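K.L.:
Below are the sequence and a predicted model; questions follow.
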Amino acid sequence: MAIPNIRIPTRQLFIDGDWREPVKKNRLPIINPATEETIGYIPAATAEDVDIAVKAARRALRRDDWGSTTGAQRAKYLRAIAAKVQERRPELATLETIDNGKPWFEAASDIDDVVACFEYYADLAEALDSKKKTEVKLHLDSFKSHVLREPLGVVGLITPWNYPLLMTTWKVAPALAAGCAAVLKPSELASITSLELGEICREVGLPPGALNILTGLGHEAGSPLVSHPDVDKIAFTGSGPTGVKIMTAAAQLVKPVTLELGGKSPIVVFDDIHDLDIAVEWTLFGCFWTNGQICSATSRLILQDTIAPKFLDRLLEWTKNIKISDPLEEDCKLGPVISRGQYEKVLKFISTAKSEGATILYGGDRPQHLKKGYYVQPTIITDVDTSMEIWKEEVFGPVLCVKTFKTEEEAIELANDTKYGLGSAIMSKDLERCERFTKAFQSGIVWINCSQPCFWQPPWGGKKRSGFGRELGEWSLENYLNIKQVTQYATPDEPWAFYKSPSKL
Ligand SMILES: NC(=O)c1ccc[n+]([C@@H]2O[C@H](COP(=O)([O-])OP(=O)(O)OC[C@H]3O[C@@H](n4cnc5c(N)ncnc54)[C@H](O)[C@@H]3O)[C@@H](O)[C@H]2O)c1
Ligand SMILES: NCCCC=O
Ligand code: NA
C-alpha cells in the first residue's frame, strides 16, 4: 500500500486532558535517523511540569469521573482509544518510522499490537469488576476477611525509543485498565507517537488527568518523576544503568518499581534442526529485526560445531540479501539505528571486538550505498572469546556474535554465561532436548524453534540484570493494583477478652 506522506503535528505537554506549554518553554529537536534532519520539535518538560502533571493525576483519582469508575466504564475508554489508533494506523506508522527509523511495515505491525493491547486490557478491566472483592476463608467464625483489588494510585511510566508507541502502550493500557492515573515520560529520541496518544485520549474524552504525557530529557523530566513524593510507583523500560539510577532514587521513598532492562540473549542451534534456511532466518530475525534494537535480541549465536560451516555460509547468503534502505521504502528490512550516539556506540563495539581479536565475518561498517543516516550493516562476528566485550555487553544494534559448542553441557554454560536474563532460544528437532534447555535457561522468556515472537497475553520480563517484574498478560494488571486486606470482627457484641476487665462501674 502507498505509505502516506504526513505533516508532524506540533504538540505541547499533555496535562489534565489538554495541551500545555512547558513552564520553561523549552523544546527538543525531532531527528529523522534516516536523513539526520531535524523534522520538528517536542516540548521539554522539567520538574515544574512534573509537579503540575502529578497534581492533575491525583485530582483525577479523587474525581468520580475517573477515580470511581468501574472496570466496564474504563473499558469503554480503552476500546475507543484502540479504535482511534486503528483509524490513524497509516499515519501513526509513518510518524513512528520517521522518528524511530524502523521499516514502515514493522511500525505498522507495532501499531496493530497497540490496538490489540488496548482491546485486551479493556477486557481485563471489565473482568476486574467481578474480582474487586474476594472473600478469604478463615479458621475462626468470629472474624470475616476479604481482599480488595484497587488502583495503586498515581503511577510514573518511563519508556524507551525502540518500540515507541508499543512500549508506551504496554504500560498505559494496563495502568488505565486498573484505574490508576498515569504520568508518562517517553524517550526524547522518539516521542511523536506517544504525544499522538495524548491527542487520541483527548478526542475520546478520557477524563482529565487520567493520562498525562511529559516529553523531555531523562534527567530533566524522568528523574523528577521518579523522585516525586506523590507518585506511588514507577514502571520503567530502558537500559540497565538508567534502571539502577531509578531504583536508587525510588528506594529513598520506598517506592515500588518494575524494571524491564537490557539483555544479551542466546540462540542455541543444534545440528538436528528441522530445516537449515528456517533456522537461519530465525537467527537473522532474532538479532536484526527492529534494526537490531531489541531488548530481547538473541545477539549471541551458539552453534553446534558439526553444523557451523554450513550454517555460517548460509547465514552469510541470507544476510547479504537483507534490503538496507530508507525505512519508508517498500520491502526495507533494515533501517538506521536511532541516533548518531547509538550509531557511534555500535561501531565502537565492532572496532573493540576487532581489536580484542575477533573476526568481522560480515558487515561492520556503514552500508556503502547510504551516505546519510545512522545506518550500520548487519554484522556477524566470529572467533569470539567469552572474555570479549562483544560477548558480554548489549550492543543494541544489528550485531550478532558467534561461538560454537560440542556438547549440551557446553551449550548451556555458554548460553547462561551472561549477567542478563531476558530471553533464550533453542533450535532443535528434539523436543525433549528443548525441554531440558527450557529448564536450564536462566531467563524470563524462552523461545523454542523461533526467536522474538512476542504476544500480549503471556508475561514479558527477565531476571538477573534484565530487571524484574512482568509486563503484558494478566501479570501487568497486577503491577497497577493495590491488594488491600479487610478483616472484620464478626461478633461485635462479644468482648475480645484479652485484658482483665476493670470492675464494673
Ligand atoms: N526489557 C525490555 O522490555 C526493554 C524494552 C526496550 C528497551 N529496553 C532497553 O532499553 C535500552 C535502550 O533504550 P533507551 O536508550 O531509551 O534507554 P535509556 O535508559 O537511555 O532511556 C529509557 C528512558 O529512561 C529515561 N531516563 C533516562 N535517564 C533517566 C533518569 N535518570 N531518571 C528517569 N528517567 C530517565 C529516558 O529519557 C527514556 O525515556 C536498552 O538497554 C534496551 O535493552 C528494554
Ligand atoms: N518485541 C518487543 C520487545 C521489547 C523490547 O525491546
Ligand atoms: Na527521532
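P.N.:
Thanks, I have it. Note that this is a predicted model, so its numbers are computed, not measured. Ligands and ions are numbered 1, 2, ... in the order given.
K.L.:
Which residue comes closest to whichever residue of the stretch 351-500 of the chain sits closest to ligand 2 once chain neighbours are left out?
P.N.:
At 3.7 Å from ligand 2, C454 is the closest residue in the stretch 351-500 of the chain, using C-beta to the nearest ligand atom. For every residue, glycine as well, the C-beta is placed using N, CA and C. Leaving aside its sequence neighbours, C454 sits nearest to W460 (C-beta to C-beta, 6 or more residues apart in numbering; 6.9 Å).
K.L.:
May I have the residues that are in contact with the one you found?
P.N.:
Contact analysis of W460 by C-beta atoms under 8 Å, 6 or more residues apart in numbering lists W170, E260, G444, I445, C454, R470, E471, L472, G473.
K.L.:
Would you indicate which residues of the longest helix anywhere in the chain are buried?
P.N.:
The helix that spans the most residues within the chain, counting by DSSP state H, is helix 104-128. Of all the residues in helix 104-128, those buried under the rule 16 or more other C-beta atoms under 10 Å are 104-108, 110-111, 113-122, 124-126, 128.
K.L.:
Distance of the residue nearest to C454 relative to ligand 1?
P.N.:
6 Å (C-beta to the nearest ligand atom, to the nearest Å).
K.L.:
bridging residues for that residue?
P.N.:
W460 forms beta bridges with E471, as assigned by DSSP bridges.
K.L.:
Quick check on the closest residue to ligand 3 within the chain: phi, psi?
P.N.:
Nearest residue of the chain to ligand 3 (C-beta to the ion) works out as D99 at 4.2 Å. Per-residue torsions, D99: phi -90, psi -40 (degrees, to the nearest 10).
K.L.:
I figured it was touching A34, is that so?
P.N.:
No. Between D99 and A34 there is no contact under C-beta atoms under 8 Å: 10.2 Å.
K.L.:
Which of those two has more residues huddled nearby?
P.N.:
Using other C-beta atoms under 10 Å, the more surrounded residue of D99 and A34 is D99, with 28 against 24.
K.L.:
If any of the contacts of W460 are buried, put those into a PyMOL selection.
P.N.:
A single PyMOL command is used to select the members of the contacts of W460 judged buried by 16+ other C-beta under 10 Å:
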select buried, resi 170+260+444+445+470+471+472+473
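K.L.:
mind giving me JSON lines with the contacts of W460 and columns for distance to F270?
P.N.:
Supplementary listing: those in JSON lines, determined by distance: C-beta to C-beta, whole Å:
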{"residue": "W170", "distance to F270": "33"}
{"residue": "E260", "distance to F270": "30"}
{"residue": "G444", "distance to F270": "23"}
{"residue": "I445", "distance to F270": "20"}
{"residue": "C454", "distance to F270": "24"}
{"residue": "R470", "distance to F270": "29"}
{"residue": "E471", "distance to F270": "31"}
{"residue": "L472", "distance to F270": "29"}
{"residue": "G473", "distance to F270": "30"}
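K.L.:
Format the contacts of W460 as CSV; extra columns: pLDDT.
P.N.:
Output for the contacts of W460, formatted as CSV (pLDDT from 0 to 100):
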residue, pLDDT
W170, 98
E260, 98
G444, 98
I445, 98
C454, 97
R470, 98
E471, 98
L472, 98
G473, 98
